[in-house]
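> next one to model:
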Amino acid sequence: MAPVLFLFLMQAMAEALEIEWTKNKIDVSQFRHFEKRNGGRLLGQNWKTKGKLFELYYLLYVDDGAFIFTNRKDMVKASRIIHQTMARFGLIMHIGRNGKPSKTEAMYHPPSLQKCKNLPEDNPEETTYTVDDGYVTFTRKFKYLGSWVTQDLRDETDIAARIGKATAQVYGLVNIWRNKHITKEFKKLLYLQLPLNTALWGAESWTLTAESERKLQQFHHSAIRKILNITMFEVEEKRITNRKLRESFDNIRNITEFIKERQLTWLEHVLKMNPTQNTRKLVNAWVQHPRREGQPQHNLRHSYRKALIAVGEIDKEDPSAPFKDWTGSLIDLPKDHWRIDVKKRLRKWSALNDEKRASERDAKRQQKAKEEEGTA
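A predicted model of the protein is given here:
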C-alpha cells in the first residue's frame, strides 16, 4: 500500500501547488490541441488555429518532478512555494546548503539555437538563487533515467553517450565473439539484447539529424565487423559493402530500421492513450504564438514524419502530414499487428535504399573509370 499512498500524497501536493500558482500569478505554459485523434497536422500547424486550451503546470514521475517557467522571476518565486508546500506535506525538496551543489537543479533554455551556442559562461540568467535557508544551482546538462537532457534540447550528447556505452560492451564481450563454439545466431541475439539495446535506449524520442544517424550507422557496422573479426583491410580488399556485412551477420537489419520501428511503435502507443493524458495531448499540440523567423529547429515530429514516409503512410512531398491521413492505420490495427506490419515495410524501405546506394556507387565508379580513360 505504501507506494500507492505515496502517489496520492504527491498528487495532493501537486494540486495544492496549482492553487498557489494561481494565487501568486505565476505564468503557466499554455498549449492548444485537437481532442480528436485525427485533428490537426504533425508539422506546420497554423498558430492562429483555435483548438482546445490546456495548461502544463508540471511533469511528475514517482518522487521526481519537472516544472516549466517562462521567466526567471516566476521560477525563483515558485521554487520557494514548492519548497514550503512540500514541507507542509512532509516531503523534502533537496536544495543546496553549505557551499554544496543542490540536488534540485535549474536549467535555462535560450530562445534560439544560435543564442544557445553563443551563451557566455557568466550568463546572468543562470546565477544561483536562494530558496529559504538554501539555494538552487544551474546546470547545462543533466542525466535522468539514463538519458542526457541538454539546454539546447538536442539529442547529440545523449546519442554520443549511448554509442560510447554500447561500444564498450562490444569490446567487453570480445571473448564471446571469438569463441568458435558459439553460433553466429546466438552472437546476433546477444548483440541485439545488450550493445544494440544500450545504443538505442530512449530512441523513441530522439530527434535524429543526418550526422547523428551517420554516427549510429558507423557504430552498428563497426560492431558487426568486430563480432565477425573482419578488418578494414579486408573490407577494402574484398569490397565488402555495409549491406553484405549485415547479410553475413545472419541478415541483421539496418540500425535505422530499429530506430524507426521503435518510434512508430511508441507513436501508436501514445495515440491510443486516453485523450485526457498530457502525453496524448502534446502529440498534436501547438502554442498560439508566431514562430521566429528563420529555419525551424529539427524536432521529434520531423523524425516521426520521416518514419511515416519510410513505411509509406504519408507522401514524401507532404510537408505537414495531417493526422487524418495516417492515424487510422495506427489506431484501428490490433496492438501487435502494427509492429509486425511496420517491420515488413521497413525491410522493404531499407532494401530499396540499399539498391539506390549501390546504383549510385556503380555510377560513380563508371564515371571515374571514364575520366581515367580520358586522361590516359
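
> so which bits of the helix or strand of the chain with the lowest mean pLDDT are buried?
Comparing every helix and strand of the chain by mean pLDDT, DSSP states H and E singles out helix 323-332 as the least confident one, with a mean of 78. Taking 16 or more other C-beta atoms under 10 Å as the basis for neighbour counts, the residues of helix 323-332 that come out buried are 323, 325, 326, 327, 329, 330. Heads up, the C-betas are built off the backbone N, CA and C, glycines and all.

> ditto for stretch 249-264
Neighbour-count burial for stretch 249-264, counted by 16+ other C-beta under 10 Å, picks out 249, 252-264.

> so can I have TSV of those showing distance to residue 272?
Written out in TSV, the entries for those read as follows (distance: C-beta to C-beta, whole Å):
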residue	distance to residue 272
249	34
252	30
253	25
254	27
255	27
256	25
257	23
258	22
259	21
260	19
261	17
262	16
263	15
264	13
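
> about what we covered before: what's the closest of the buried residues of helix 323-332 to residue 163?
Minimum distance to residue 163 across those is 29.6 Å, recorded for residue 330 (C-beta to C-beta).

> verify the contact between the closest one and residue 269 for me.
No - in terms of C-beta atoms under 8 Å, residue 330 does not count as a neighbour of residue 269; the distance is 9.3 Å.

> what do these two both touch?
Common contacts of residue 330 and residue 269, defined by C-beta atoms under 8 Å, 6 or more residues apart in numbering, are absent altogether.

> picking up where we left off before, want to throw the buried residues of helix 323-332 into a markdown table with distance to residue 45?
As requested, the buried residues of helix 323-332 are exported to a markdown table (distance: C-beta to C-beta, whole Å):
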| residue | distance to residue 45 |
| --- | --- |
| 323 | 10 |
| 325 | 14 |
| 326 | 15 |
| 327 | 15 |
| 329 | 21 |
| 330 | 19 |
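
> tell me the one of those residues nearest residue 34?
Top of the list for closeness to residue 34, among those and by C-beta to C-beta, is residue 323 at 7.7 Å.

> contacting residues for the closest one?
Going by C-beta under 8 Å, 6+ apart, residue 323 touches 34, 37, 38, 39, 40, 41, 42, 284.

> try residue 174
Counting by C-beta under 8 Å, 6+ apart, residue 174 makes contact with residue 226.

> okay, it and residue 164: tell me how far apart.
Here the criterion is C-beta to C-beta, to the nearest Å. By it, residue 174 lies 17 Å from residue 164.

> next: residue 100.
Distance, residue 100 to residue 164, using C-beta to C-beta: 29 Å.

> residue 99 now?
Residue 99 sits 32 Å away from residue 164, going by C-beta to C-beta.

> what does residue 222 give?
Counting by C-beta to C-beta, the separation of residue 222 from residue 164 is 13 Å.

> of the two, who's got more company?
Here residue 222 and residue 164 are set side by side on neighbour count (other C-beta atoms under 10 Å), and the busier one is residue 222, at 15 against 12.

> in the stretch 151-300 of the chain, where is pLDDT below threshold?
Low-confidence regions of the stretch 151-300 of the chain, defined by pLDDT under 70, span residues 294-295.

> residue boundaries of the helices in it?
156-172, 174-177, 184-191, 197-199, 210-228, 232-238, 242-248, 255-271, 278-283, 300-310 (DSSP state H, counting those that start in this stretch).

> centre of the chain to the shortest one, how far?
Computed by C-alpha atoms, centre = their mean, to the nearest Å, the separation of helix 197-199 from the middle of its chain amounts to 14 Å.

> now for it, which elements pack on it?
Applying 3 or more C-beta pairs under 8 Å, 6 or more residues apart in numbering; DSSP states H and E, one finds that helix 197-199 contacts helix 156-172, helix 210-228.

> so for the contacts of residue 323, which is the shakiest by pLDDT?
Among those, residue 37 has the lowest pLDDT, at 72.

> and for that one, the neighbour number?
Neighbour count of residue 37, defined by other C-beta under 10 Å: 19.

> contacting residues for it?
Contacts for residue 37 were tallied using C-beta under 8 Å, 6+ apart; they are 271, 275, 323, 327, 331.

> and these, which is closest to residue 59?
Using C-beta to C-beta, residue 275 is the member of the contacts of residue 37 that lies nearest residue 59, at 18.1 Å.

> the closest one: what's it in contact with?
By C-beta under 8 Å, 6+ apart, the contact set of residue 275 is 35, 37, 281.

> could I get the contacting residues of the closest residue to the last one other than its chain neighbours?
Spelled out, it's residue 281. By the measure of C-beta to C-beta, 6 or more residues apart in numbering, the closest residue to residue 281 outside its immediate chain neighbours is residue 33, 4.8 Å from it. Residue 33 makes contact with 39, 40, 51, 52, 54, 281, 282, 283, 284, 285, 286, according to C-beta under 8 Å, 6+ apart.

> beta partners of residue 55?
When bridges are assigned using DSSP bridges, the partners listed for residue 55 are residue 30.

> just give the number of residues close to it.
11.

> wait, doesn't it sit right on residue 30?
Yes - applying C-beta under 8 Å, one finds residue 55 in contact with residue 30, separated by 5.5 Å.

> so what sits against both of these two?
Listed contacts common to residue 55 and residue 30 are nil; contacts here mean C-beta under 8 Å, 6+ apart.

> tell me the contacts of residue 361?
Contact partners of residue 361, counting by C-beta under 8 Å, 6+ apart, are residue 241.

> go again using 10 Å as the cut-off
Contact partners of residue 361, counting by C-beta atoms under 10 Å, 6 or more residues apart in numbering, are 239, 241.

> before we move on, what about residue 137?
95-96, 100-106, 126-129.

> same thing but 8 Å
The contact partners of residue 137, by C-beta under 8 Å, 6+ apart, come to 96, 101, 102, 105, 106, 128.

> and which of these is nearest to residue 196?
residue 105 (31.4 Å).

> can you pull the pLDDT of that closest one?
93.

> ok, now residue 376?
Looking at residue 376, the pLDDT reads 59.
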